[in-house]
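Asker: only geometry, no sequence info:
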């Protein structure tokens, strides 16, 4: 059964209307804040989490830290925020470059759990597209560890000599970061590297996975199960391949490892500006909650109980997913506390978003049966009633929960915004705040992001066009194009019947759930959108051929 998204949102939001109104009034009464001093920038990225999964959007898992932050002074909840892709690697590329992922040769994902198993042959931005790391260096110089990447990389091999092993060198250091401490691809959210050494095996928490998925079957030098070593690596110029990996087990809750590494980084910065990205593994398969987190959710301490529509106890998969979100919430809370304790919070742009919607496929037309919290035929994860899920170009595949804070710019109130924002916007927002430009040789290259500083200041933003292409550039995997309230969709990953393979048109202001196709009623609007999409797609193709020199895109 489908769910009315409008009704869902009316009853869902735990952000008070009073706070939103006060925020608008405050901006009407004062001049927008200017950026004071040299700001810092922090991207927090979750994984495979739906628009309706956090408490402020009526999620099942309790997320008190994110909810409190969303309602705090200086925060903006972005309800019309989107991932630039509809799967992992593509969106990660858009954050770094401000460009659609196809422009930089990324169309899908690859499979290597660790370089010790196989060395990825992944051609992300082979001509070194300007990135967020480069923007920070342009403003501050190449000082040691001014920028740091933590967590899931998923954009290529971390070895600096990958070509000798049949791969392509493409690490955070290759793309502008001074330092990194990351996994090459996915990793379990509980005891991430427990299978890298037989002595650590008793620490493994498989949960419903039993055992982990996403193992590719290659060698495991630690002696564990083939292809199932998911380890952290950091840059080390004196080590083989210029990287070193962990020789001790990670904590049971993977977010603790990442937040501890971030704390150490802030201590080294000692008040100096920074750029950091923390790409949490939560909650990509193989997600698993710690035993304590699962028990707390089952007891109702950290999760809402099952609803009357389906009162059966949560399955092991559901307990793992909701526990994973609660543990992510704790990690975000610790990061925010660290910023405040060290005096960074007021003048740091903190941007929390997701790489795509929740896992699962609800064919044949993108509608999931069941309830928003307990869908049938898919993994747990709530789109809040939106159509589609991960991989889909329908809203459920790319409209994602997003909170941004920057008190020095936003001011003393919290706000809820329905302005359209995309992950491509992080880089241009940084660039405007820092007063830097792309290098002269890339100044004319295609670019998709826009600065959201006006939105953060409470000003109106110009209407924009946004496009999505899933997996295959020929459009057979699904395409969509948005301008203002209108959205064109043709095919989608979960579309299995002719009814959704034709060009469709939706009015997102009236129908964010994409339930009513208006193509027959407004053929003029549909034709205009297709014309705009075609022009945009042509520009992406030029980027592939003339800028990034991509060798092969399907």
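Answerer: That came through, no problem. Bear in mind that the values here come from a model prediction, so they are computed numbers and not experimental data. Numbering: from 1, shown residues only.

Asker: Which residue ranges of the stretch 151-300 of the chain form helices?
Answerer: Using DSSP state H, counting those that start in this stretch, the helices of the stretch 151-300 of the chain run over 254-269, 291-298.

Asker: Give me the helices and strands touching the longest one, please.
Answerer: If contacts are counted by 3 or more CB pairs under 8 Å, 6 or more residues apart in numbering; DSSP states H and E, helix 254-269 sits against strand 147-152, strand 275-279, helix 316-341. All C-beta spots, glycine's among them, are computed from the backbone N, C-alpha and C.

Asker: same deal with the last one?
Answerer: Counting by 3+ CB pairs under 8 Å, 6+ apart, the packing neighbours recorded for helix 291-298 are helix 316-341.

Asker: Give me the buried positions along the helix it packs on.
Answerer: Buried residues in helix 316-341, counting neighbours by 16 or more other CB atoms under 10 Å, are found at 317-336, 338-339.

Asker: Ok, which of the helices of the stretch 151-300 of the chain comes nearest residue 455?
Answerer: Among the helices of the stretch 151-300 of the chain, the nearest to residue 455 by CB to CB is helix 254-269 (26.3 Å).

Asker: Please enumerate residues in contact with the closest one?
Answerer: When contacts are defined by CB atoms under 8 Å, 6 or more residues apart in numbering, helix 254-269 is touched by residues 145-146, 148, 150-151, 179, 181, 187-192, 232, 250-251, 274, 276, 278, 280-282, 327-328, 330-331, 334-335, 338-339, 342, 344.

Asker: three-state assignment of residue 42?
Answerer: Per DSSP: H, G, I helix; E, B strand; the rest coil, the secondary structure class of residue 42 is strand.

Asker: who's in contact with it?
Answerer: 274-278, 335, 339, 348-351.

Asker: hmm, back to that, could you tell me which of the contacts of helix 254-269 count as buried?
Answerer: For these, buried by 16+ other CB under 10 Å: 146, 148, 150-151, 179, 181, 187-192, 232, 250-251, 274, 276, 278, 280-282, 327-328, 330-331, 334-335, 338-339, 344.

Asker: could you point out where the stretch 1-150 of the chain is predicted with low confidence?
Answerer: Along the stretch 1-150 of the chain, the model assigns pLDDT under 70 to residues 1-36, 144.

Asker: ok, which stretches of it are helices?
Answerer: Using DSSP H, counting those that start in this stretch, helices in the stretch 1-150 of the chain cover 5-12, 17-29, 64-70, 88-97, 132-140.

Asker: I'd like to know which elements the third one is packed against.
Answerer: Taking 3+ CB pairs under 8 Å, 6+ apart as contact, the helices and strands that helix 64-70 lies on are helix 316-341, strand 402-405.

Asker: So which bits of that helix are buried?
Answerer: Across helix 64-70, burial judged by 16+ other CB under 10 Å covers 65-67, 69-70.

Asker: Same check on the last one?
Answerer: Buried residues in helix 132-140, counting neighbours by 16+ other CB under 10 Å, are found at 132-140.

Asker: and which of those is nearest to residue 90?
Answerer: residue 132 (16.3 Å).

Asker: Tell me who's in contact with the nearest residue to that closest one once chain neighbours are set aside.
Answerer: Spatial nearest neighbour of residue 132, excluding adjacent residues (CB to CB, 6 or more residues apart in numbering): residue 427 at 5.1 Å. With contacts defined as CB under 8 Å, 6+ apart, the neighbours of residue 427 are 95-98, 130-132, 135, 449.

Asker: now the helix or strand where residue 427 lies against helix 88-97, angle please.
Answerer: Assigned by DSSP states H and E, residue 427 belongs to helix 426-434. On the basis of axes from the mean of the first three to the mean of the last three CA atoms, to 10 degrees, helix 426-434 is oriented at 20 degrees to helix 88-97.

Asker: Which strands or helices does the next helix-or-strand element following helix 426-434 pack on?
Answerer: Going down the chain from helix 426-434, the next helix or strand is helix 453-456, by DSSP H and E. Where contact means 3+ CB pairs under 8 Å, 6+ apart, helix 453-456 is packed against helix 407-410, helix 426-434.

Asker: Quick one: mean pLDDT over the first one.
Answerer: In other words, helix 407-410. Mean pLDDT, computed over helix 407-410, is 98.

Asker: Would you map the strands across the stretch 151-300 of the chain?
Answerer: Secondary structure of the stretch 151-300 of the chain by DSSP state E, counting those that start in this stretch: the strands cover 179-183, 233-235, 243-245, 275-279.

Asker: want to try a markdown table for the ones you listed, with mean pLDDT and distance to residue 403 as columns?
Answerer: Converted to a markdown table, the strands of the stretch 151-300 of the chain look like this (pLDDT from 0 to 100; distance: least, CB to CB, whole Å):
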| stretch | mean pLDDT | distance to residue 403 |
| --- | --- | --- |
| strand 179-183 | 97 | 23 |
| strand 233-235 | 97 | 28 |
| strand 243-245 | 96 | 33 |
| strand 275-279 | 98 | 14 |
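
Asker: With distance to residue 441 added, can I get the ones you listed in a markdown table?
Answerer: Formatted as a markdown table, the strands of the stretch 151-300 of the chain follow (distance: least, CB to CB, whole Å):
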| stretch | distance to residue 441 |
| --- | --- |
| strand 179-183 | 26 |
| strand 233-235 | 26 |
| strand 243-245 | 29 |
| strand 275-279 | 23 |
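
Asker: I'd like to know which of those strands is closest to residue 299.
Answerer: strand 275-279 (29.4 Å).

Asker: ok now the closest one, how far from the chain's centre?
Answerer: Centroid displacement of strand 275-279 relative to its chain, using CA atoms, centre = their mean, to the nearest Å, is 11 Å.

Asker: quick one: strands adjacent to it?
Answerer: strand 40-46 (parallel), strand 147-152 (parallel) (DSSP bridges).

Asker: These: which one's closest to residue 387?
Answerer: For the strands paired with strand 275-279, the distance to residue 387 is smallest for strand 40-46, at 21.0 Å, taking CB to CB.

Asker: now the angle from the closest one to helix 132-140?
Answerer: Interaxial angle, strand 40-46 versus helix 132-140 (the same axes, to 10 degrees): 170 degrees.

Asker: what angle sits between strand 40-46 and helix 254-269?
Answerer: 170 degrees.

Asker: How far does strand 40-46 sit from its chain's centre?
Answerer: On CA atoms, centre = their mean, the centre of strand 40-46 falls 10 Å from that of its chain.

Asker: Which of the helices and strands packed on helix 254-269 sits closest to residue 300?
Answerer: Across the helices and strands packed on helix 254-269, closest to residue 300 is helix 316-341 (CB to CB), at 11.1 Å.
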